[in-house]
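K.L.:
My questions are about this predicted structure, shown below with the sequence.
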Amino acid sequence: MRYDRTSSPPGESRALNGAGHRPKPRDANDILRTEGAAALRRIWDSAASSPMPVPEPPANHGPVQNADNEIQRLASLSATQYEQERKAGAKKLGMRASILDAVVKAARLPQDSKGQGRPFVMPSIEPWPSAVDGAELLNELRATIGRHIVLPSGTVETLALWAIHTHCFECFPISPRAAITSPEKGCGKTTTLDVLNHLVARPLQTSNATVSTIFRVIEIAKPTLLIDEADTFLNENDELRGILNSGHQRGGQVLRTVGDDYEPRQFSTFAPAAIAMIGRLPDTLNDRSVIVSLRRRKPSEKIASFRSDRAEHLAVLARKMARWAIDHERRLAESDPDMGELENRTADNWRPLFAIADACGEKWPARVREIANQTVKAAVEQSVKTQLLEDIRSIFSGETALLDRISSQDLVDKLTAMDGRPWAEWKSGRPLTQNTLARLLGPFEIISGTIRLPDGRTPKGYYRSAFDDAFSRYLPPQTATPPQPNNHGHCGALQDATRENDVALSETPQSNNHGYCGGVALSNPPVGESGDVDSDEAPPTAPEPVQDGNGHRHQNGDADYEATGACRWHPDKPAHAALAGMELCRECYERFDRAMNEPTPLPRRK
């Protein structure tokens, strides 16, 4: 029998008050005073031996395990998306929809951090509720990405496979970087990253984060790094390149000391990364990447403008990718795809994409291997072309003179004479030819044409200025100053500065350093070996040229001239011809002849 404070044990007398009722004890002191210690002990023992009622657990309506993450996910949705998921979200969290509205609204409000930024929140993706067919998913990705970006053949498939890999990258020992490159601005690199931001797992867009921030975020959240405009900072940031290089492989990490005790701690760097930049990635990163080459869209190529606030169709694809990755996680982790002829690091980079394509099936296994072989072949050719540009630049910056033009044959001869280069045994043991050289330079928009050499020949060749754009885009700057020529008064070939219209240059008041013009037309008259110039005599004025049957213009020298003396401007040299009644040596005569075939005509005296 259980006793409470108002009951009396059996056999115990009941003391009555004046009204005939036993007074109700107020606490243990009352019981002790009125009923004694024995009664208090019996009540205590009885209460201790009675089982306490256990409250029933609340009904389980299936609330999510981590409510904070679910609320943050709902808060990150657009108004339309939230309205669609509002009731289901409230049911999952076990709360009324009106309460959920208030909680989500509070989560969306900016926190007052007194200028210290906002808390770091990594958006999560809710997997698609049903199983997803991999081949259909890749077909959808290819079509959707192609709606917003103009990509060369094979590039859109590479981007689709890489996006899926971000949802399951931990199944593989290697996470290839996506090198999103273009030869110039306006090719869609930023748009590509914006599209990926809605497709990849845990996207983190950054263009100027510190290295310590990056590896700490990787340690916490394993994000997909989306780095834009890397050409503005990556080449100069050795530490960031080291983080991106080490994060290519599982187990990549950095060691740092933390806390007041300087405790050594390891931070993981293993995470997917897409890097967009103009030009080529640094060699160490390029070797760890699959290449996504972009090009500028033609006016005839139509695309749908991408708006990040209208990307619900991409969110659906991201959920499908998340579900597909979960369902195929074990198969991908155990996969060992056939890499064909690919080997070493190239095979490492493509292995995750091959495994995903094999798991998706249909035409994708064969298609990804075709794309990989084409990409690798193009990369090898690009490497050879870069080496060709380096060698041509060294030829133009020759040992004794700065060339401003060279014939195709002379260029080929100089290339094949180089030691340790492939040009002497280019194909089947045969040397590089002029036609092959033209084909290699064609992608750089460097085209050969008829040029005039100092000796009067007009072969096919190249102007130095035609290489300037390719040199600046694909080669590092030259650190050594090329040797300066000294032709003792010869102006050499005049620079082809204006191809379309002849522009007369004004006179320069400074001396021309013994007549060498450094690739531009001279305004001052030539001088002799001693540097003296007859200031009383005006420089010769070029007469009107004549045009031969090949379309080349030549100075019309005095027809009845017979050599009788020395050159007007170089008295130590015999006269070769006369123009406008003045005797000229061969070099001065050819100078006027060359000037007539250059866009910049000989300056005339005012």
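P.N.:
That came through, no problem.
K.L.:
so what secondary structure elements neighbour the longest helix belonging to the chain?
P.N.:
Identified as the longest helix of the chain according to DSSP state H is helix 364-396. If you count contacts as 3 or more CB pairs under 8 Å, 6 or more residues apart in numbering; DSSP states H and E, helix 364-396 packs onto helix 134-148, helix 155-165, strand 289-293, helix 344-360, helix 408-416, helix 434-441, helix 468-474. Where you see a C-beta, it was placed from the backbone N, CA and C, and this is true even at glycine.
K.L.:
at 7 Å instead, please
P.N.:
helix 155-165, helix 344-360, helix 408-416, helix 468-474 (3 or more CB pairs under 7 Å, 6 or more residues apart in numbering; DSSP states H and E).
K.L.:
Flag every buried residue along the last one.
P.N.:
The one in question is helix 468-474. Using 16 or more other CB atoms under 10 Å as the test for burial, helix 468-474 gives Ala470, Phe471, Tyr474.
K.L.:
Do I have it right that the second one meets Glu390?
P.N.:
No - the pair formed by Phe471 and Glu390 falls short of the contact definition of CB atoms under 7 Å, at 9.0 Å.
K.L.:
coming back round to it: let's have the buried residues of helix 468-474 in a markdown table, adding pLDDT and distance to Gly461.
P.N.:
Listed next are those as a markdown table, based on pLDDT from 0 to 100; distance: CB to CB, whole Å:
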| residue | pLDDT | distance to Gly461 |
| --- | --- | --- |
| Ala470 | 87 | 16 |
| Phe471 | 87 | 17 |
| Tyr474 | 78 | 21 |
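K.L.:
Now the weakest link among the helices and strands packed on helix 364-396, please, by mean pLDDT.
P.N.:
Among these, helix 468-474 has the lowest mean pLDDT, at a mean of 84.
K.L.:
Quick check: Arg405 vs Ala438, distance?
P.N.:
Computed as CB to CB, to the nearest Å, the Arg405 to Ala438 distance reads 16 Å.
K.L.:
and what of Val316?
P.N.:
Taking CB to CB, one finds Val316 at 49 Å from Ala438.
K.L.:
got it, and Arg393?
P.N.:
18 Å.
K.L.:
which residues touch the residue most central in space within the chain?
P.N.:
The residue lying closest to the centre of the chain (CA atoms, centre = their mean) is Ala276, at 1.7 Å. Going by CB atoms under 7 Å, 6 or more residues apart in numbering, Ala276 touches Ile180, Lys189, Thr190, Thr192, Leu193, Ile227, Asp228, Ala230.
K.L.:
chain center to the helix or strand where it lies: distance?
P.N.:
Per DSSP states H and E, Ala276 falls inside strand 273-278. Relative to the mean C-alpha coordinate of its chain, strand 273-278 is positioned 1 Å out (CA atoms, centre = their mean, to the nearest Å).
K.L.:
before we move on, what about stretch 436-455?
P.N.:
31 Å.
K.L.:
and the nearest residue to Ser76 once chain neighbours are set aside, which of the three is it?
P.N.:
Nearest residue to Ser76, sequence neighbours excluded (CB to CB, 6 or more residues apart in numbering): Pro123, at 5.2 Å. What DSSP: H, G, I helix; E, B strand; the rest coil gives for Pro123 is coil.
K.L.:
Ok, Leu77 next?
P.N.:
Leu77 ends up coil, using three-state DSSP.
K.L.:
circling back: narrow the contacts of Ala276 to those in helices?
P.N.:
In this view, the contacts of Ala276 that belong to helices under DSSP H are Lys189, Thr190, Thr192, Leu193.
K.L.:
Neighbour-wise, which one of those leads?
P.N.:
Thr192 (26 neighbours; other CB atoms under 10 Å).
K.L.:
from memory it sits against Leu151, does it?
P.N.:
No - assessed by CB under 7 Å, Thr192 is found out of contact with Leu151, at 8.3 Å.
K.L.:
Now list whatever residues contact both of the two.
P.N.:
The overlap between the contact sets of Thr192 and Leu151 (CB under 7 Å, 6+ apart) consists of Leu294.
K.L.:
According to the record, where do the domains of the chain fall?
P.N.:
1-50, 67-108, 134-362, 379-474, 491-606 (automatic domain parsing).
K.L.:
I'd like to know which of these is closest to Gly117.
P.N.:
domain 134-362 (11.2 Å; CB to CB).
K.L.:
chain center to the closest one, what's the gap?
P.N.:
Using CA atoms, centre = their mean, the offset of domain 134-362 from its chain centre is 10 Å.
K.L.:
end-to-end on that domain?
P.N.:
This stretch, domain 134-362, spans 9 Å end to end (CA to CA, to the nearest Å).
K.L.:
try stretch 90-105
P.N.:
14 Å.
K.L.:
Check stretch 171-184 too.
P.N.:
Counting by CA to CA, you get 36 Å between the two ends of stretch 171-184.
K.L.:
can you check stretch 304-323 too?
P.N.:
Span of stretch 304-323 from end to end, CA to CA: 27 Å.
K.L.:
Check the average confidence over it, would you?
P.N.:
Mean predicted lDDT for stretch 304-323 stands at 92.
K.L.:
what residues are up against Arg73?
P.N.:
Residues near Arg73 by CB under 7 Å, 6+ apart: Ser124, Glu126.
K.L.:
Next secondary structure element downstream of the strand holding Ala276?
P.N.:
Under the assignment DSSP H and E, the closest C-terminal helix or strand after strand 273-278 is helix 283-286.
K.L.:
residues of that following helix that come out buried?
P.N.:
In helix 283-286, counting by 16+ other CB under 10 Å, buried: Leu285, Asn286.
K.L.:
I'd like to know which elements it is packed against.
P.N.:
helix 238-246.
K.L.:
which outside residues touch the helix it packs on?
P.N.:
177, 211, 214-215, 234, 252-254, 269, 273, 282, 284-285, 288.
K.L.:
List the buried residues in it.
P.N.:
For helix 238-246, by 16+ other CB under 10 Å, it's Leu240, Arg241, Ile243, Leu244, Asn245, Ser246.
K.L.:
so what's Leu388 closest to, chain neighbours aside?
P.N.:
Leu440 (5.7 Å).
K.L.:
now the one you found: how far from Thr375?
P.N.:
Per CB to CB, Leu440 is found 19 Å from Thr375.
K.L.:
Can you pick out the residue with more neighbours from these two?
P.N.:
Thr375 (20 against 17).
K.L.:
Tell me how many other residues crowd Tyr82.
P.N.:
Tyr82: 17 surrounding residues under other CB under 10 Å.
K.L.:
I should have written His313 there, sorry.
P.N.:
Counted with other CB under 10 Å, the neighbours of His313 add up to 11.
K.L.:
in stretch 309-318, what's buried?
P.N.:
For stretch 309-318, by 16+ other CB under 10 Å, it's Ala311, Leu314, Ala315, Leu317, Ala318.
K.L.:
Just the ones of those residues in strands?
P.N.:
Using DSSP state E, no member of these falls within strands.
K.L.:
shaky segments in the stretch 451-600 of the chain?
P.N.:
Scanning the stretch 451-600 of the chain for pLDDT under 70 picks out the ranges 478-565, 568-569, 578-582, 589, 591-600.
K.L.:
Now do the same for the nearest residue to Ala135 once chain neighbours are set aside: helix, strand or coil?
P.N.:
Distance criterion CB to CB, 6+ apart; nearest residue to Ala135, sequence neighbours excluded, is Glu362 at 4.0 Å. Under three-state DSSP, Glu362 falls in the coil class.
K.L.:
And for Gly340?
P.N.:
Classification of Gly340 by three-state DSSP places it in coil.
K.L.:
ok, it touching Ile371?
P.N.:
No - judged on CB under 7 Å, Gly340 makes no contact with Ile371 at a distance of 12.0 Å.
K.L.:
Please say which of the two ends up with more neighbours.
P.N.:
The neighbour count for Gly340 versus Ile371, taken as other CB under 10 Å, is higher for Ile371 (21 against 12).
K.L.:
On the pLDDT front, check that one for me.
P.N.:
Confidence score, pLDDT, at Ile371: 94.
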